[in-house]
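Student: from the sequence below, what's the structure:
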Amino acid sequence: MSDTSESDVLVDAFLDALWLEQGASEHTLAAYRRDLKAWQNHLKAHGLSLLIPAPRALPEWLDERRAVGYQLRTNARLLSSLRRFYRWALANGVIEYDPLTEVRLPRVQPQLPGTLDEVEVERLLEAPDLDSAIGLRDRAMLEVLYGSGLRVSELVGLTMESVNLRQGVIRVIGKGDKERLVPIGEEALAWLERYLRAGRGALMADVTRPPLFPGRHDGFMTRQTFWHRIKIHAVTAGIDKPLSPHTLRHAFATHLLNHGANLRVVQLLLGHSDLSTTQIYTHVAQARLEALHAAHHPRG
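Tutor: Sure thing, here's the model as predicted:
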């Protein structure tokens, strides 16, 4: 077996382990594969092997990437992928030592998620045309997203069985196939009920199909389609800030903290397994406090 073929087999085995042991999503697995393939191609071009890279190979490659415009954060993510692969290889007896042990990058400061203030969120929520079934669907989706803090992938994957209108909760299957129950709030619940009464049936040829928010042909809407809808409504609302598919999720967390919610509660609602993942939102809330202080305090 050639060195390249052997490396490909090992990468496949590593990705299988991530999927089996940790429930990694297809999106996550694809990102790892891209990183490992890029590293493998770089090594091959320099006559090196994936399993026995020269000690300076990675630092030099990271420097080259920086020189052509890759950001420090991107390189840090790449290094994290490679480290995880080599630690797996070491633990499974594929290699005798971790070749990346001494490789370090400068610490990357947490990047504050882009978010909207409460007035901007209201404008975005009010943007869909309520005279159309699609508008009712979009308004319900935006309300549920902001009212529950779901990931977009979780939102578009909701089924009719996911929702308990009487209790006002949604059953969500999140990362790693972990299930959680999320309250959606009275306002979001009211819009969801209105959509189910007057919108969903008009959008579907077969209402017995499972998608709560159908896309084309009664199927599940894609994340990309919903992201396109958000951008359309942002234009209508006169919002020219850079938005991301997670904008309303970030707004949900930030506004809860700004109104005094406990960080642990926000962690549970967002479905974060690690509290440190949620703590970035305290930076967002703190930035808001600092802005208010600067604007209104006589010595700000």
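Student: burial measure for residue 149, as a count.
Tutor: As a burial measure, residue 149 scores 24 neighbours (other C-beta atoms under 10 Å). Yep, even glycine has a C-beta here, placed from its N, CA and C like the rest.
Student: you'd agree it is up against residue 270?
Tutor: Yes: in this structure, residue 149 sits in contact with residue 270. The criterion is C-beta atoms under 8 Å, and the distance is 5.3 Å.
Student: common neighbours of the two, please.
Tutor: Between them, residue 149 and residue 270 share these contacting residues under C-beta atoms under 8 Å, 6 or more residues apart in numbering: 249, 253.
Student: can you give me the helices for the stretch 151-300 of the chain?
Tutor: For the stretch 151-300 of the chain, applying DSSP state H, counting those that start in this stretch gives helices covering 152-156, 186-198, 200-203, 223-236, 247-258, 263-270, 275-278, 280-296.
Student: check what pLDDT residue 179 gets.
Tutor: Confidence at residue 179, expressed as pLDDT, is 76.
Student: could you measure from it over to residue 155?
Tutor: Separation of residue 179 from residue 155 (C-beta to C-beta, to the nearest Å): 15 Å.
Student: out of those two, which sits in the more crowded spot?
Tutor: Set side by side, residue 179 and residue 155 show unequal neighbour counts under other C-beta under 10 Å, the larger going to residue 155 at 23 against 9.
Student: pull the contacting residues for the nearest residue to the more buried one once chain neighbours are set aside.
Tutor: Distances taken as C-beta to C-beta, 6 or more residues apart in numbering put residue 145 closest to residue 155, at 5.5 Å, once the chain neighbours are dropped. Counting by C-beta under 8 Å, 6+ apart, residue 145 makes contact with 152, 155, 248-249, 252.
Student: if we use 7 Å, what do you get?
Tutor: When the contact criterion is C-beta atoms under 7 Å, 6 or more residues apart in numbering, the partners of residue 145 are 155, 248-249.
Student: what's the closest of these to residue 195?
Tutor: residue 155 (13.2 Å; C-beta to C-beta).
Student: what are the ranges of the strands in this structure?
Tutor: Secondary structure of the chain, counting by DSSP state E: strands at 163-164, 169-173, 179-183.
Student: nearest to residue 25, out of those?
Tutor: Of all those, it is strand 169-173 that lies closest to residue 25, at 11.0 Å by C-beta to C-beta.
Student: residue 88 contacts residue 16, doesn't it?
Tutor: No: under the criterion of C-beta atoms under 7 Å, residue 88 makes no contact with residue 16, lying 10.7 Å away.
Student: more crowded one of those two?
Tutor: The residue with more neighbours, out of residue 88 and residue 16, is residue 88; 18 against 12, by other C-beta under 10 Å.
Student: look up how far residue 62 lies from the residue lying closest to that one once chain neighbours are set aside.
Tutor: Here the nearest residue to residue 88 in space, its sequence neighbours aside, is residue 14; by C-beta to C-beta, 6+ apart that works out to 5.2 Å. As for residue 14, its distance to residue 62 is 21 Å (criterion: C-beta to C-beta).
Student: cool, residue 100 as well?
Tutor: In terms of C-beta to C-beta, residue 100 sits 11 Å off from residue 62.
Student: pLDDT below threshold where in this structure?
Tutor: 1-4, 105-114, 174-176, 262-268, 271-300 (pLDDT under 70).
Student: how near is residue 225 to residue 96?
Tutor: With the distance defined as C-beta to C-beta, residue 225 ends up 49 Å from residue 96.
Student: check residue 66 too.
Tutor: To residue 96, residue 66 is 30 Å away according to C-beta to C-beta.
Student: for those two, indicate the residue with more neighbours.
Tutor: Neighbours were counted for residue 66 and for residue 96 using other C-beta under 10 Å; residue 66 has more, 13 against 9.
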